[in-house]
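Enquirer: pasting the structure only:
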């Protein structure tokens, strides 16, 4: 069965600090997809990134970067020079070919960026 | 990009009444929609998978007679919370899968239900 673990429940940083959110996944599928979502206080899920299991290269998008390592089953997310607007709950999720379309979410990490 | 709407965005109802939440895919046809429930400070919990023209598939522990799901068209799925109780108060989120997009799910903005 698939499982996603976000060990960090809450993280608090001061603005402009870098912060890394950890995500560890478990799957038996050879083909799978990993996602990061942001959920601000409004509640709406905001899609951030999707990676597939065949594409292990890291990615940078502005202040965001993702480190996907199959060897450690991790898909970590780093925010560089954090801003107050980054305060939200961040969810890592996975989807596997054997999962009949279900997204498996981690427990979420609440990030608080203080001014 | 694909857009999913939910209506209402928030609702307050009295205990014992029923509430219907709509989920619509606005610019694509969704053969499959998903309903999630989220309690404060918790993750999303999948309640059921809704397939157009057939019965929904409920996750273990979800009462299908309490949470009625109807997916009558390719752009609309509804969740009806019957005989609501305060413990049903929660944030309900739907998502829709665009067949053209394969596995991709697009999320609605959520509906906050408060049962008094």
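Expert: Now that the structure is in, tell me what you want to look at. Everything quoted here is computed from the prediction, not taken from an experiment.
Enquirer: show me where chain B has helices.
Expert: Ranges of helices within chain B: none, based on DSSP state H.
Enquirer: pLDDT below threshold where in it?
Expert: Counting by pLDDT under 70, chain B has low-confidence residues at B:1, B:101-102.
Enquirer: get me the contact residues on it for chain A.
Expert: B:32, B:34, B:41-44, B:46, B:49, B:91, B:93, B:95, B:97, B:103-105, B:107, B:109-110, B:112 (Cβ under 8 Å from any Cβ of the partner chain). Any C-beta I mention is one placed from the backbone N, CA and C, and that applies to glycine too.
Enquirer: tell me, how many residues neighbour residue 17?
Expert: Just going to use chain A. 13 (other Cβ atoms under 10 Å in any protein chain shown).
Enquirer: could you do chain B instead?
Expert: 12.
Enquirer: residues in contact with it?
Expert: Residues near residue B:17 by Cβ atoms under 8 Å, 6 or more residues apart in numbering or on different chains: B:83-84.
Enquirer: phi, psi of it?
Expert: Dihedral angles of residue B:17 (phi, psi; degrees, to the nearest 10) stand at phi -90, psi 170.
Enquirer: got a list of what the residue nearest to the spatial centre of chain B touches?
Expert: Of all residues in chain B, the one closest to the mean position by Cα atoms, centre = their mean is residue B:35, 3.6 Å from it. Applying Cβ under 8 Å, 6+ apart to residue B:35 gives the contacts B:23, B:46-48, B:50, B:67, B:69, B:77, B:79, B:92-94.
Enquirer: hmm, 7 Å instead?
Expert: B:47-48, B:50, B:69, B:79, B:92, B:94 (Cβ atoms under 7 Å, 6 or more residues apart in numbering or on different chains).
Enquirer: any chance of those in a markdown table, plus distance to residue A:80 and neighbour count?
Expert: Formatted as a markdown table, those follow (distance: Cβ to Cβ, whole Å; neighbours: other Cβ atoms under 10 Å in any protein chain shown):
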| residue | distance to residue A:80 | neighbour count |
| --- | --- | --- |
| B:47 | 37 | 24 |
| B:48 | 39 | 22 |
| B:50 | 39 | 25 |
| B:69 | 42 | 24 |
| B:79 | 39 | 25 |
| B:92 | 34 | 23 |
| B:94 | 33 | 30 |
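Enquirer: residue B:100 and residue A:31, how far apart?
Expert: 19 Å (Cβ to Cβ, to the nearest Å).
Enquirer: and the two? which has more neighbours close in?
Expert: Between residue B:100 and residue A:31, counting by other Cβ under 10 Å, residue A:31 is the more crowded of the two (13 against 9).
Enquirer: for the nearest residue to that one once chain neighbours are set aside, give me its contacts.
Expert: Closest residue in space to residue A:31, ignoring its immediate chain neighbours: residue A:97 at 4.6 Å, by Cβ to Cβ, 6 or more residues apart in numbering or on different chains. Contacts of residue A:97 were listed using Cβ under 7 Å, 6+ apart, and they are A:29, A:31-32.
Enquirer: and residue A:97, what pLDDT?
Expert: Note on residue A:97: pLDDT of 76.
Enquirer: the residue of chain B most remote from its centre: what's it in contact with?
Expert: Ranking residues of chain B by C-alpha distance from their mean position (Cα atoms, centre = their mean) puts residue B:100 at the top, at 21.4 Å. The contact partners of residue B:100, by Cβ under 7 Å, 6+ apart, come to residue B:28.
Enquirer: go on, residue A:80?
Expert: Under the criterion of Cβ under 7 Å, 6+ apart, the neighbours of residue A:80 are A:18, A:63, A:65.
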